[in-house]
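# Next one to model:
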Amino acid sequence: QIMSEEIKNEAVSEEISSSFIDDFIIEDLAEGGRCEGMKVHTRFPPEPNGYLHIGHAKAIYVDFGTAERFNGICNLRMDDTNPTKEDVEYVDAIKEDIHWLGYDWEDRFYYASDYFEDMYNGAVELIKKGLAYVCELTPDQMREMRGDLTTPAQSPYRDRPMEESLDLFARMRAGEFEDGRMTLRAKIDLASGNFNMRDPVIYRINHMPHHRTGTKWCIYPMYDFAHPIEDAMEHITHSLCSLEFEDHRPLYDWVINNVTLPAKPRQIEFARLGINNTVMSKRKLRALVEGGYVSGWDDPRMPTICGLRRRGYTPASIRNFSVRNGVSKVNSTVEYSFLEHCLREDLNLTAKRVMGVLNPVKLILTNYPEDRTETFEVENNPNRPEDGTRTVTFGRELYIEAEDFMETPVKGYFRLFPGNEVRLKTTYVVKCTGCKKDENGNVINGSGAEMINPPELCAYGTGTLMVAKDLQRPEFGDPKFAADAKAAGAKAFA
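Residues are numbered from 1 along each chain as shown. Alright, predicted model coming up:
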């Protein structure tokens, strides 16, 4: 199971409509389709240069959730092709966050660096086919010679002999050249309207040690070249990625079709998740952490998954948020309040209740004996009887929230005010008889109320709501009547 049963059972049940991604996959799996008879195989490939944030939760849902719906499998792969930004701390944090959300990749955990030798061999194959060449333009020169919509790009090294490029590329790997001195470029189309196809760089020199391979490599593949090779080596059927890679898909397909690989994945793009007033950039979030503006990646103010976890969000609430936002090809922004709504909805079903008073006002029951106390059983969660009950103590002096009392009630106010009757949760109906105020007119401790149904008259009536006239009926003191009323499921209110 990709998603743990515990998290799955906690999730709010939602009717998940088919997305365009599902439609493509159904088409591929159909008789005569490109994936006929195959198991759907996706992957989630984060770059280990920061912690995951709420935007990644959607990508995780799309990758793992799609595989789950089609009874397929999903890999976890660290895209560690850029040694300047990666750290083992981020790898461990990413794995922890995904597991916390309820997903599992079983034994299918990989690194892009696992395929460095395969990528190098693929690049050599392209050179031998006349489809790649070593270029000595600097980044500034490359930008100047990139051309525009009416002018093709240029490179004086495009027609470099294959043997020369093979030799230079081998020497690049051997560490003979400094950073930025040379690149390997794919030989595609300098006049393409898609600038990603104008002989893109597929390898660059970088002598910084890698967190896994150390100093073994000093040349590293660009993402657009590495990504399709990684997918193919893992036999991915559907490479699901965000919408900014849509213009890169022709290059993805070009690599798949021109390098000898064991599989031919299909790239499908979907829109990212945007949330109003929320930073969704790992680079900017990292700046907040490294600048000391927050206490860490798990600061509760951060939109990171670990920050939301520390703030009290549940895995099911984040999953449901991702599910209910849907999958589309159009970028959009949702309200942060909707994320909060998903949390409240989940907590309402799963959280145990406790009672606390933040802004207390003392309530004195004037006709309750001073030397008497009682205990009552209160349900821990009215939505889940299996969560049991807890015992609370009741006496003459109680505390209520200040906002639950209003001396002069506004229209629609049904809490405690002079002359009004309310039920205290799971206990008795009381009637407010007045209140005390300070010199500024503020209500202070010592507000008074009297019980409409004192304990000695209604020992069996607890937990049942009845209006005042019903409390005077002789049968109210009858234990059988009270038991029947309680069994009928009448609810108390605070």
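# Spatially central, which residue of this protein would that be?
Nearest to the geometric centre of the chain sits residue 57, at 3.0 Å (Cα atoms, centre = their mean).
# my read: it touches residue 303, true?
No - if you go by Cβ atoms under 8 Å, residue 57 and residue 303 don't touch, sitting 9.9 Å apart. Heads up, the C-betas are built off the backbone N, CA and C, glycines and all.
# quick one on the thing from earlier: so where does the residue nearest to the centre of the chain fall, helix or strand?
If you go by DSSP states H and E, residue 57 is part of helix 54-69.
# What's the first helix or strand after that helix?
Per DSSP H and E, helix 54-69 leads on to strand 73-78 as the next helix or strand towards the C-terminus.
# Could you give the average pLDDT over that following strand?
Here strand 73-78 scores 97 as its mean pLDDT.
# now swap in stretch 331-349 and tell me
Average pLDDT, stretch 331-349: 94.
# where are the low-confidence patches of this protein?
1-17, 445-447, 451, 453-494 (pLDDT under 70).
# circling back to that earlier point, may I have the residues that are in contact with the residue nearest to the centre of the chain?
Taking Cβ atoms under 8 Å, 6 or more residues apart in numbering, we find residue 57 in contact with 101, 273, 305, 318-319, 321-322.
# measure it to residue 238 for me?
Here the criterion is Cβ to Cβ, to the nearest Å. By it, residue 57 lies 20 Å from residue 238.
# Same check on residue 311?
Per Cβ to Cβ, residue 311 is found 34 Å from residue 238.
# Could you check which of those two is surrounded by more residues?
Taking neighbours as other Cβ atoms under 10 Å, residue 311 and residue 238 compare with residue 238 leading, 23 against 14.
# just so I have it, where are all the helices in the stretch 101-250 of the chain?
Ranges of helices in the stretch 101-250 of the chain, per DSSP state H, counting those that start in this stretch, are 116-128, 139-144, 162-174, 223-233, 249-258.
# Go through these and pick out the most buried.
Neighbour counts (mean count of other Cβ atoms under 10 Å) averaged over each of the helices of the stretch 101-250 of the chain peak at helix 223-233, with a mean of 24.
# So what's the gap between that helix and the chain middle?
When distances are taken as Cα atoms, centre = their mean, to the nearest Å, helix 223-233 is centred 25 Å away from the chain's centroid.
# on contacts alone, who are the packing partners of that helix?
Here helix 223-233 touches helix 116-128, strand 201-205, strand 238-242, helix 249-258, going by 3 or more Cβ pairs under 8 Å, 6 or more residues apart in numbering; DSSP states H and E.
# please redo it, this time with the cut-off set to 7 Å
helix 116-128, helix 249-258 (3 or more Cβ pairs under 7 Å, 6 or more residues apart in numbering; DSSP states H and E).
# And for the first one, what's in contact with it?
Outside of helix 116-128, the residues within contact range by Cβ atoms under 7 Å, 6 or more residues apart in numbering are 132-133, 162, 165-166, 169, 173, 184, 186, 202-203, 213, 217, 221, 225-226, 229, 233, 258-260.
# between it and helix 162-174, how many degrees?
Helix 116-128 runs at 160 degrees relative to helix 162-174, counting by axes from the mean of the first three to the mean of the last three Cα atoms, to 10 degrees.
# before we move on, what SS does residue 378 have?
At residue 378 the chain is in strand, as set by DSSP: H, G, I helix; E, B strand; the rest coil.
# which stretches of the stretch 201-350 of the chain form strands?
Taking DSSP state E, counting those that start in this stretch, the strands of the stretch 201-350 of the chain run over residues 201-205, 219-221, 238-242, 266-270, 273-275, 332-334.
# which of these is buried the deepest?
Greatest average neighbour count among those goes to strand 219-221 (a mean of 23), per mean count of other Cβ under 10 Å.
# So what sits opposite residue 186 in the bridge?
residue 132 (DSSP bridges).
# Count residues in the vicinity of it, would you?
Residue 186 is flanked by 24 other residues according to other Cβ under 10 Å.
# Equivalent analysis for residue 277, please.
Neighbour count of residue 277, defined by other Cβ under 10 Å: 7.
# Not counting sequence-adjacent ones, nearest residue to it?
residue 336 (6.3 Å; Cβ to Cβ, 6 or more residues apart in numbering).
# ditto for residue 330
Counting by Cβ to Cβ, 6+ apart, the residue nearest residue 330 is residue 271, at 5.6 Å.
# Next up, the contacts around that neighbour.
So residue 271 contacts 243, 328-332 (Cβ under 7 Å, 6+ apart).
# Then residue 256?
Residue 256 sits next to 228, 232, 264-265 when contact means Cβ under 7 Å, 6+ apart.
# quick one: it and residue 352, what's the gap?
Per Cβ to Cβ, residue 256 is found 52 Å from residue 352.
# again, but for residue 452
Where residue 352 is concerned, residue 452 sits at a distance of 30 Å (Cβ to Cβ).
# same question, residue 227
46 Å.
# do residue 187 as well
Going from residue 187 to residue 352 by Cβ to Cβ gives 65 Å.
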